[in-house]
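1. fold the following.
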Amino acid sequence: MLNKISELPIETPAFSWKKAVWGQDLKVNEWIQSIHHLNEEEGGKHWDAVMMGVPISRSSISASGASEFPESFRRAWKGFNTYNLDEEVDLRDLSVVDVGDVKMHFTDILLSHQNIKDAFHGLTKEFSGSIPVSIGGDHSITAMLVKGWKETYPNEEIGILQFDTHFDLRDLKDHGPTNGTPIRNLIESGTIKGENVFNIGLHGFFNAPSLVECAKEYGVNYITLKKARKNGVKETVEQALHTLAGKVDRIYLTCDMDVLDIAYAPGVPASTPGGMRTDELFEAVYTAGLHPKVGAMDIVCLDPMRDGVVQPTVKAGTHVFLSFMTGLAMRKK
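-> Numbering: from 1, shown residues only. Below you'll find the predicted structure:
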(Lines give C-alpha, C1' and ligand atoms only; values in the text may rest on other atoms or scores of the structure.)
Protein backbone atom coordinates (compact mmCIF):
# COMPACT_ATOMS: atom_id res chain seq x y z
CA MET A 1 0.00 0.00 0.00
CA LEU A 2 2.83 2.40 0.81
CA ASN A 3 4.29 1.86 -2.67
CA LYS A 4 0.95 2.59 -4.30
CA ILE A 5 0.56 5.83 -2.33
CA SER A 6 4.00 6.90 -3.52
CA GLU A 7 2.74 6.60 -7.10
CA LEU A 8 0.05 9.24 -6.48
CA PRO A 9 0.64 13.01 -6.65
CA ILE A 10 0.93 13.13 -2.86
CA GLU A 11 4.01 14.21 -0.93
CA THR A 12 5.25 14.27 2.63
CA PRO A 13 3.81 17.30 4.43
CA ALA A 14 6.07 20.04 5.74
CA PHE A 15 5.06 19.09 9.27
CA SER A 16 3.93 15.79 10.73
CA TRP A 17 3.90 14.09 14.11
CA LYS A 18 6.00 10.99 14.66
CA LYS A 19 4.47 7.77 15.93
CA ALA A 20 3.77 7.82 19.64
CA VAL A 21 3.31 5.07 22.19
CA TRP A 22 -0.29 5.14 23.29
CA GLY A 23 -0.94 5.95 26.92
CA GLN A 24 -4.06 6.01 29.07
CA ASP A 25 -4.94 9.49 27.81
CA LEU A 26 -4.31 10.44 24.20
CA LYS A 27 -3.81 13.71 22.40
CA VAL A 28 -4.94 13.85 18.78
CA ASN A 29 -1.31 14.11 17.60
CA GLU A 30 -0.63 10.78 19.33
CA TRP A 31 -3.66 9.15 17.74
CA ILE A 32 -3.53 10.05 14.03
CA GLN A 33 -0.68 8.20 12.36
CA SER A 34 1.45 9.61 9.53
CA ILE A 35 1.79 7.09 6.72
CA HIS A 36 5.34 8.31 6.21
CA HIS A 37 6.31 7.01 9.66
CA LEU A 38 4.79 3.55 9.24
CA ASN A 39 6.40 0.35 8.04
CA GLU A 40 4.90 -1.69 5.20
CA GLU A 41 2.95 -3.99 7.53
CA GLU A 42 1.45 -1.08 9.47
CA GLY A 43 0.64 0.80 6.27
CA GLY A 44 -1.31 -2.17 4.96
CA LYS A 45 -3.81 -2.30 7.84
CA HIS A 46 -7.44 -1.22 7.53
CA TRP A 47 -8.03 2.44 8.33
CA ASP A 48 -11.40 3.84 9.33
CA ALA A 49 -10.48 7.25 7.94
CA VAL A 50 -7.76 8.59 5.64
CA MET A 51 -6.73 12.24 5.86
CA MET A 52 -5.13 14.26 3.05
CA GLY A 53 -4.01 17.89 2.93
CA VAL A 54 -4.87 19.98 -0.14
CA PRO A 55 -2.76 23.17 0.19
CA ILE A 56 -4.01 25.43 -2.59
CA SER A 57 -5.41 28.97 -2.45
CA ARG A 58 -4.26 30.61 -5.70
CA SER A 59 -7.69 29.71 -7.08
CA SER A 60 -9.43 31.84 -4.45
CA ILE A 61 -11.37 34.91 -5.64
CA SER A 62 -10.36 36.89 -2.56
CA ALA A 63 -6.80 37.01 -1.26
CA SER A 64 -6.31 33.84 0.74
CA GLY A 65 -3.72 31.92 2.67
CA ALA A 66 -5.94 28.84 2.95
CA SER A 67 -3.07 26.80 1.53
CA GLU A 68 -1.48 27.14 4.98
CA PHE A 69 -4.32 25.44 6.83
CA PRO A 70 -3.21 21.78 6.44
CA GLU A 71 0.01 22.52 8.34
CA SER A 72 -1.71 24.66 11.00
CA PHE A 73 -4.36 21.95 11.34
CA ARG A 74 -1.73 19.29 12.06
CA ARG A 75 0.08 21.51 14.53
CA ALA A 76 -3.18 22.15 16.41
CA TRP A 77 -3.70 18.46 17.20
CA LYS A 78 -1.56 18.69 20.33
CA GLY A 79 -4.18 20.92 21.94
CA PHE A 80 -7.02 18.37 21.66
CA ASN A 81 -7.72 15.10 23.46
CA THR A 82 -9.30 12.15 21.66
CA TYR A 83 -12.06 11.94 24.28
CA ASN A 84 -15.28 13.81 23.48
CA LEU A 85 -16.98 14.61 26.77
CA ASP A 86 -20.24 15.69 25.11
CA GLU A 87 -20.87 12.26 23.64
CA GLU A 88 -18.69 10.29 26.09
CA VAL A 89 -16.82 8.61 23.26
CA ASP A 90 -13.09 8.17 22.72
CA LEU A 91 -11.89 8.54 19.14
CA ARG A 92 -8.97 6.20 19.82
CA ASP A 93 -11.32 3.40 18.79
CA LEU A 94 -11.02 4.70 15.22
CA SER A 95 -7.88 4.15 13.15
CA VAL A 96 -6.88 7.26 11.17
CA VAL A 97 -3.90 7.76 8.86
CA ASP A 98 -2.52 10.98 7.39
CA VAL A 99 -1.18 10.32 3.89
CA GLY A 100 0.32 13.79 3.34
CA ASP A 101 -0.41 16.65 0.96
CA VAL A 102 -1.41 16.75 -2.69
CA LYS A 103 1.47 18.03 -4.83
CA MET A 104 0.86 21.57 -6.03
CA HIS A 105 2.37 23.57 -8.88
CA PHE A 106 3.43 27.09 -7.93
CA THR A 107 1.64 28.81 -10.84
CA ASP A 108 -0.36 26.22 -12.81
CA ILE A 109 -3.78 26.05 -11.14
CA LEU A 110 -5.22 23.59 -13.66
CA LEU A 111 -2.32 21.18 -13.12
CA SER A 112 -2.78 21.47 -9.35
CA HIS A 113 -6.49 20.74 -9.78
CA GLN A 114 -5.70 17.70 -11.90
CA ASN A 115 -3.37 16.45 -9.16
CA ILE A 116 -6.19 16.83 -6.61
CA LYS A 117 -8.56 14.82 -8.78
CA ASP A 118 -5.98 12.10 -9.49
CA ALA A 119 -4.89 11.89 -5.86
CA PHE A 120 -8.43 11.51 -4.56
CA HIS A 121 -9.35 8.95 -7.20
CA GLY A 122 -6.27 6.89 -6.35
CA LEU A 123 -6.80 7.27 -2.63
CA THR A 124 -10.44 6.21 -2.70
CA LYS A 125 -9.59 3.20 -4.85
CA GLU A 126 -6.75 2.10 -2.57
CA PHE A 127 -8.63 2.80 0.69
CA SER A 128 -12.06 1.74 -0.53
CA GLY A 129 -13.29 0.85 2.96
CA SER A 130 -12.15 4.11 4.55
CA ILE A 131 -13.71 7.56 4.92
CA PRO A 132 -11.50 10.14 3.13
CA VAL A 133 -11.19 13.56 4.78
CA SER A 134 -9.56 16.38 2.81
CA ILE A 135 -8.18 19.48 4.49
CA GLY A 136 -8.01 22.50 2.18
CA GLY A 137 -7.24 24.82 0.67
CA ASP A 138 -9.91 26.96 -0.93
CA HIS A 139 -13.31 25.70 -2.04
CA SER A 140 -12.22 25.03 -5.62
CA ILE A 141 -10.85 21.70 -4.34
CA THR A 142 -14.33 20.29 -3.76
CA ALA A 143 -15.09 20.09 -7.49
CA MET A 144 -11.85 18.18 -8.10
CA LEU A 145 -12.31 15.86 -5.13
CA VAL A 146 -15.87 14.92 -6.09
CA LYS A 147 -14.82 14.39 -9.71
CA GLY A 148 -12.11 12.02 -8.48
CA TRP A 149 -14.69 10.24 -6.32
CA LYS A 150 -16.99 9.91 -9.30
CA GLU A 151 -14.18 8.23 -11.25
CA THR A 152 -13.89 5.69 -8.46
CA TYR A 153 -17.65 5.05 -8.46
CA PRO A 154 -18.76 5.94 -12.02
CA ASN A 155 -22.13 4.18 -11.81
CA GLU A 156 -23.23 5.75 -8.53
CA GLU A 157 -25.13 8.96 -7.82
CA ILE A 158 -23.34 11.41 -5.54
CA GLY A 159 -25.12 13.96 -3.38
CA ILE A 160 -23.62 17.06 -1.78
CA LEU A 161 -24.31 18.37 1.72
CA GLN A 162 -22.81 21.87 1.86
CA PHE A 163 -22.42 24.17 4.85
CA ASP A 164 -21.67 27.59 3.38
CA THR A 165 -22.44 31.30 3.37
CA HIS A 166 -22.32 31.27 -0.45
CA PHE A 167 -23.92 29.32 -3.29
CA ASP A 168 -20.58 28.74 -5.09
CA LEU A 169 -22.47 28.86 -8.39
CA ARG A 170 -20.46 31.54 -10.17
CA ASP A 171 -20.07 31.15 -13.93
CA LEU A 172 -16.90 29.30 -14.92
CA LYS A 173 -16.74 31.27 -18.17
CA ASP A 174 -16.29 34.46 -16.16
CA HIS A 175 -14.28 33.19 -13.21
CA GLY A 176 -12.64 29.90 -14.13
CA PRO A 177 -12.44 27.03 -11.59
CA THR A 178 -12.23 29.19 -8.46
CA ASN A 179 -13.52 28.85 -4.92
CA GLY A 180 -16.72 30.53 -6.15
CA THR A 181 -17.55 27.90 -8.78
CA PRO A 182 -17.22 24.32 -7.40
CA ILE A 183 -20.93 23.43 -7.23
CA ARG A 184 -21.67 24.83 -10.69
CA ASN A 185 -18.55 23.08 -11.97
CA LEU A 186 -19.86 19.75 -10.70
CA ILE A 187 -23.37 20.29 -12.07
CA GLU A 188 -22.33 21.54 -15.52
CA SER A 189 -19.75 18.74 -15.89
CA GLY A 190 -22.48 16.17 -15.23
CA THR A 191 -20.71 14.87 -12.13
CA ILE A 192 -23.74 15.53 -9.93
CA LYS A 193 -27.32 16.71 -10.33
CA GLY A 194 -28.36 20.08 -8.98
CA GLU A 195 -31.32 18.50 -7.20
CA ASN A 196 -28.84 16.39 -5.22
CA VAL A 197 -27.22 19.43 -3.59
CA PHE A 198 -28.33 20.74 -0.19
CA ASN A 199 -26.72 24.00 0.88
CA ILE A 200 -27.39 24.98 4.50
CA GLY A 201 -26.26 28.20 6.15
CA LEU A 202 -26.62 30.95 3.54
CA HIS A 203 -27.43 34.32 5.07
CA GLY A 204 -27.34 38.07 4.77
CA PHE A 205 -26.17 40.20 1.87
CA PHE A 206 -23.50 37.95 0.38
CA ASN A 207 -25.18 36.33 -2.64
CA ALA A 208 -26.30 38.12 -5.81
CA PRO A 209 -29.83 37.61 -7.24
CA SER A 210 -28.31 36.01 -10.34
CA LEU A 211 -26.89 33.22 -8.15
CA VAL A 212 -30.29 32.64 -6.56
CA GLU A 213 -31.77 32.32 -10.05
CA CYS A 214 -28.99 29.91 -11.01
CA ALA A 215 -29.72 27.79 -7.94
CA LYS A 216 -33.39 27.65 -8.86
CA GLU A 217 -32.60 26.83 -12.50
CA TYR A 218 -30.41 23.88 -11.49
CA GLY A 219 -32.78 22.72 -8.77
CA VAL A 220 -30.28 23.25 -5.96
CA ASN A 221 -31.86 22.89 -2.53
CA TYR A 222 -30.85 25.78 -0.28
CA ILE A 223 -31.85 26.53 3.27
CA THR A 224 -30.95 29.89 4.76
CA LEU A 225 -29.49 29.99 8.24
CA LYS A 226 -32.55 31.90 9.44
CA LYS A 227 -34.85 29.13 8.23
CA ALA A 228 -32.56 26.40 9.54
CA ARG A 229 -32.57 27.99 12.99
CA LYS A 230 -36.34 28.27 12.93
CA ASN A 231 -36.67 24.55 12.20
CA GLY A 232 -33.56 23.56 14.21
CA VAL A 233 -30.12 23.26 12.61
CA LYS A 234 -29.75 19.61 13.60
CA GLU A 235 -33.24 18.79 12.36
CA THR A 236 -32.57 20.63 9.08
CA VAL A 237 -29.41 18.61 8.50
CA GLU A 238 -31.19 15.36 9.34
CA GLN A 239 -33.99 16.15 6.87
CA ALA A 240 -31.50 17.00 4.12
CA LEU A 241 -29.63 13.75 4.72
CA HIS A 242 -32.88 11.78 4.74
CA THR A 243 -33.94 13.28 1.41
CA LEU A 244 -30.53 12.77 -0.17
CA ALA A 245 -30.27 9.19 1.07
CA GLY A 246 -33.43 8.33 -0.84
CA LYS A 247 -31.92 9.57 -4.12
CA VAL A 248 -28.16 8.97 -4.09
CA ASP A 249 -25.66 6.23 -3.35
CA ARG A 250 -23.05 8.36 -1.58
CA ILE A 251 -23.08 11.74 0.13
CA TYR A 252 -20.15 14.16 0.13
CA LEU A 253 -19.95 16.68 2.97
CA THR A 254 -18.21 19.98 2.28
CA CYS A 255 -17.74 22.47 5.10
CA ASP A 256 -16.76 26.00 4.11
CA MET A 257 -15.56 27.68 7.29
CA ASP A 258 -16.97 31.00 6.14
CA VAL A 259 -20.38 29.65 7.18
CA LEU A 260 -19.34 30.72 10.68
CA ASP A 261 -19.99 34.21 12.01
CA ILE A 262 -16.95 36.50 11.86
CA ALA A 263 -16.99 36.64 15.68
CA TYR A 264 -16.16 32.92 15.77
CA ALA A 265 -14.06 32.65 12.62
CA PRO A 266 -12.00 35.75 11.82
CA GLY A 267 -9.53 33.57 9.91
CA VAL A 268 -11.46 33.05 6.70
CA PRO A 269 -11.02 35.00 3.43
CA ALA A 270 -14.70 35.97 3.20
CA SER A 271 -15.67 36.41 6.83
CA THR A 272 -19.19 37.77 7.44
CA PRO A 273 -21.47 38.76 10.31
CA GLY A 274 -24.67 36.84 10.91
CA GLY A 275 -23.27 33.35 10.36
CA MET A 276 -23.43 30.14 12.38
CA ARG A 277 -22.14 29.77 15.89
CA THR A 278 -19.43 27.18 16.39
CA ASP A 279 -21.71 24.92 18.45
CA GLU A 280 -24.23 24.88 15.58
CA LEU A 281 -21.58 23.86 13.05
CA PHE A 282 -20.12 21.21 15.36
CA GLU A 283 -23.60 19.71 15.80
CA ALA A 284 -24.22 19.84 12.05
CA VAL A 285 -21.05 17.97 11.07
CA TYR A 286 -21.52 15.50 13.93
CA THR A 287 -25.00 14.76 12.60
CA ALA A 288 -23.56 14.24 9.12
CA GLY A 289 -20.88 11.93 10.49
CA LEU A 290 -23.57 9.68 11.95
CA HIS A 291 -25.22 9.03 8.58
CA PRO A 292 -24.23 5.77 6.82
CA LYS A 293 -24.23 7.30 3.33
CA VAL A 294 -21.87 10.18 4.16
CA GLY A 295 -18.69 8.75 2.69
CA ALA A 296 -16.29 11.72 2.43
CA MET A 297 -15.83 15.24 3.72
CA ASP A 298 -13.66 18.31 3.34
CA ILE A 299 -12.94 21.47 5.32
CA VAL A 300 -12.11 24.52 3.20
CA CYS A 301 -11.47 28.27 3.17
CA LEU A 302 -9.69 28.63 6.50
CA ASP A 303 -6.80 31.11 6.39
CA PRO A 304 -4.50 30.82 9.44
CA MET A 305 -2.69 33.99 8.33
CA ARG A 306 -5.85 36.03 9.05
CA ASP A 307 -6.54 34.30 12.34
CA GLY A 308 -6.24 35.74 15.84
CA VAL A 309 -3.25 35.28 18.12
CA VAL A 310 -4.80 32.27 19.88
CA GLN A 311 -5.97 30.82 16.51
CA PRO A 312 -9.73 30.62 17.20
CA THR A 313 -10.51 29.67 13.59
CA VAL A 314 -7.82 27.00 13.32
CA LYS A 315 -9.10 25.52 16.57
CA ALA A 316 -12.69 25.69 15.29
CA GLY A 317 -11.66 23.93 12.07
CA THR A 318 -9.91 21.21 14.06
CA HIS A 319 -13.01 20.85 16.23
CA VAL A 320 -15.14 20.48 13.07
CA PHE A 321 -12.95 17.56 11.99
CA LEU A 322 -13.14 15.92 15.43
CA SER A 323 -16.90 16.45 15.59
CA PHE A 324 -17.31 14.65 12.27
CA MET A 325 -15.04 11.86 13.50
CA THR A 326 -17.18 11.59 16.64
CA GLY A 327 -20.21 11.02 14.43
CA LEU A 328 -18.27 8.37 12.52
CA ALA A 329 -17.25 6.66 15.77
CA MET A 330 -20.86 6.61 16.97
CA ARG A 331 -21.94 5.31 13.55
CA LYS A 332 -19.56 2.39 13.80
CA LYS A 333 -20.86 1.52 17.26
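2. give me the element the nearest residue to Met104 once chain neighbours are set aside is part of.
-> Among residues not flanking Met104 along the chain, Ser112 sits closest, at 4.7 Å (Cβ to Cβ, 6 or more residues apart in numbering). Glycine gets a C-beta too; all of them are placed from N, C-alpha and C. Following DSSP states H and E, one finds Ser112 within helix 109-126.
3. and the helix or strand that that helix is followed by with helix 109-126, angle?
-> Note on helix 109-126: by DSSP H and E, the next helix or strand toward the C-terminus is strand 131-136. Orientation of strand 131-136 against helix 109-126 (axes from the mean of the first three to the mean of the last three Cα atoms, to 10 degrees) gives an angle of 160 degrees.
4. hmm, who's touching strand 131-136?
-> Contact with strand 131-136 is made by 48-56, 66, 69-70, 73, 120, 123-124, 141, 145, 295-302, 321, 324, 328, as judged by Cβ atoms under 8 Å, 6 or more residues apart in numbering.
5. show me the helices in this structure, by range?
-> 2-6, 28-31, 40-43, 69-76, 109-126, 140-152, 172-175, 182-188, 209-218, 225-231, 233-245, 278-290, 312-332 (DSSP state H).
6. rewinding a little: my read is that the residue nearest to Met104 contacts Ile56, right?
-> Yes - using Cβ atoms under 8 Å, Ser112 makes contact with Ile56 at a distance of 5.4 Å.
7. which residues do the two both contact?
-> In terms of Cβ under 8 Å, 6+ apart, Ser112 and Ile56 are both contacted by the residues 102, 104.
8. and stretch 145-155, how far out from the chain middle?
-> Here the centre of stretch 145-155 is set off from its chain's centre by 16 Å, with Cα atoms, centre = their mean, to the nearest Å.
9. what's the end-to-end length of stretch 171-179?
-> Distance between the two ends of stretch 171-179: 11 Å, counting by Cα to Cα, to the nearest Å.
10. tell me the buried residues in it?
-> 172, 176-179 (16 or more other Cβ atoms under 10 Å).
11. any idea which of the residues you listed is closest to Ser210?
-> Set against Ser210, the nearest of the buried residues of stretch 171-179 by Cβ to Cβ is Leu172 (14.2 Å).
12. how far away is that closest one from Val212?
-> For Leu172, the distance to Val212 (Cβ to Cβ, to the nearest Å) stands at 18 Å.
13. kindly report the same for Glu71.
-> Glu71 is 37 Å from Val212, by Cβ to Cβ.
14. quick one: which of those two has more around it?
-> Taking neighbours as other Cβ atoms under 10 Å, Glu71 and Val212 compare with Glu71 leading, 18 against 15.
15. where does the stretch 101-250 of the chain have low pLDDT?
-> Residue ranges of the stretch 101-250 of the chain with pLDDT under 70: none are present.
16. mind running it again at 90?
-> Along the stretch 101-250 of the chain, the parts satisfying pLDDT under 90 run over 174-176.
17. distance-wise, check the most centrally placed residue in the chain relative to Thr107.
-> In the chain, the centroid-proximal residue (Cα atoms, centre = their mean) is Asp298; its distance is 1.0 Å. Distance from Asp298 to Thr107, counting by Cβ to Cβ: 24 Å.
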